[in-house]
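Chemist: only the shape, not the letters, is given here:
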């Protein structure tokens, strides 16, 4: 899943409305690290909704930036393949991680089915009391009136506890899951999450080693209701190659961690940037379920997904050739004015907020979307009982990635009800 971190140090000095259209490259991590990507997508939606970038750190690729075109690509699996990767950067030949999100039917459908029950309605109903208890414990442990990092104390902690539950992973080791999630999506750089490709691969092998221990314990026990047991006993997954097991672990860890944790942080930021919406929330807490959808739309925690063209085809009047890379920019589709009125506005009562495509669409729609929504809903129900305001008191530090659209730090101060 990893991607190149820095490509053009001068990118922040460029005006995307003045660059030659053919030179636009929205897949530059600096744009996301500094919240400067919006005008790139606004211009592409307006002037080149299906756009070919000839030169990037990932090689040439197509950008799909309009809502309906993204849905078209997502639902025509016979034309657009998920293999071999979901990010624009190709995997290293000596460290490939197959995972079912980067597979086509029928193998995708078979492997996804093995673990889908963990996010089914019955399991969700059983999980909600656990989630609420943990949310209450986390919120009650926070300092009131003192600055702290919301990302670390709330967003990461809540999602990591949820991941540990879904994997039945040793609870006192749960922060390893956070670390492996970050390592899986980080690009090697001096002073970064990992400093070299070798370090990244070494830490992911540690992940595989720990989860292989859990696999060996559970494959010899009765089938359980956790993700490791489901994979170990599933007909289409029980004989997986170790690297495929690691690939699916990375998928489930990142899917359960990055998306929810960055929507939790992004939601706090959105309410602070739109204080009238925060007032409306306090006055109408019944809007929380709809607000959750709007938070996910507004944040779009994974900016894009990649596809590979299987045969020459046309999208938006452009001819895409077999073998070419395609980036479906969810972050752009969720700001498409043809779909969402005043799309850059954050409105907790937006009538069609649930139409967002942050979870994807079609057969690859995020399996854990209901788990994410439930965590956000329960969190905000409990926040409103305790705090008048979660006040952002400094600039957020954003993830320098064009794939994971999220936050490294968010300084806040809590004000009691």
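Modeler: Good, I have the coordinates. As the structure is a prediction and not an experimental result, all values here were calculated from the model.

Chemist: got the phi and psi for residue 307?
Modeler: phi -130, psi 160 (degrees, to the nearest 10).

Chemist: the closest residue to residue 144 other than its chain neighbours: what secondary structure?
Modeler: Using Cβ to Cβ, 6 or more residues apart in numbering and skipping residues adjacent in sequence, the residue nearest residue 144 is residue 414, 4.9 Å away. Any C-beta I mention is one placed from the backbone N, CA and C, and that applies to glycine too. At residue 414 the chain is in strand, as set by DSSP: H, G, I helix; E, B strand; the rest coil.

Chemist: tell me which residues touch residue 414, please.
Modeler: Residues counted as contacts of residue 414 (Cβ atoms under 8 Å, 6 or more residues apart in numbering) are 142-145, 386-387, 389-391.

Chemist: turn these into CSV, including pLDDT, secondary structure and distance to residue 52.
Modeler: Output for the contacts of residue 414, formatted as CSV (pLDDT from 0 to 100; DSSP: H, G, I helix; E, B strand; the rest coil; distance: Cβ to Cβ, whole Å):
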residue, pLDDT, secondary structure, distance to residue 52
142, 98, coil, 48
143, 97, coil, 51
144, 97, coil, 52
145, 97, coil, 53
386, 98, helix, 51
387, 98, strand, 48
389, 98, strand, 46
390, 98, strand, 43
391, 98, strand, 44
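
Chemist: same list, those residues, but as TSV with neighbour count and distance to residue 173 please.
Modeler: Conversion of those to TSV gives the following (neighbours: other Cβ atoms under 10 Å; distance: Cβ to Cβ, whole Å):
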residue	neighbour count	distance to residue 173
142	16	23
143	10	26
144	10	30
145	8	33
386	15	29
387	18	30
389	18	34
390	23	29
391	16	33
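
Chemist: ok, so of these, who is nearest residue 323?
Modeler: Of all the contacts of residue 414, residue 323 sits closest to residue 390, with 47.5 Å by Cβ to Cβ.

Chemist: OK, contacts around that closest one?
Modeler: 150, 268, 271-272, 383, 412, 414-415.

Chemist: bridging residues for it?
Modeler: Counting by DSSP bridges, residue 390 forms beta bridges with residue 414.

Chemist: so how far is residue 396 from it?
Modeler: 13 Å (Cβ to Cβ, to the nearest Å).

Chemist: likewise residue 256?
Modeler: Applying Cβ to Cβ to residue 256 and residue 396 gives a distance of 22 Å.

Chemist: cool, residue 265 as well?
Modeler: Taking Cβ to Cβ, one finds residue 265 at 7 Å from residue 396.

Chemist: which of the two has more residues huddled nearby?
Modeler: Per other Cβ atoms under 10 Å, whichever of residue 265 and residue 396 has more neighbours is residue 265, with 28 against 21.

Chemist: how near is the more buried one to residue 330?
Modeler: For residue 265, the distance to residue 330 - Cβ to Cβ - is 18 Å.

Chemist: which regions of this protein sit below the pLDDT cut-off?
Modeler: Residue ranges of the chain with pLDDT under 70: 1-9, 93-94, 102-103, 119.

Chemist: scan it for its longest helix.
Modeler: helix 242-273 (DSSP state H).

Chemist: ranges for the strands of this protein?
Modeler: Applying DSSP state E to the chain gives strands spanning 50-53, 61-64, 80-81, 148-149, 304-309, 313-315, 318-320, 325-329, 387-392, 397-398, 407-409, 411-416.
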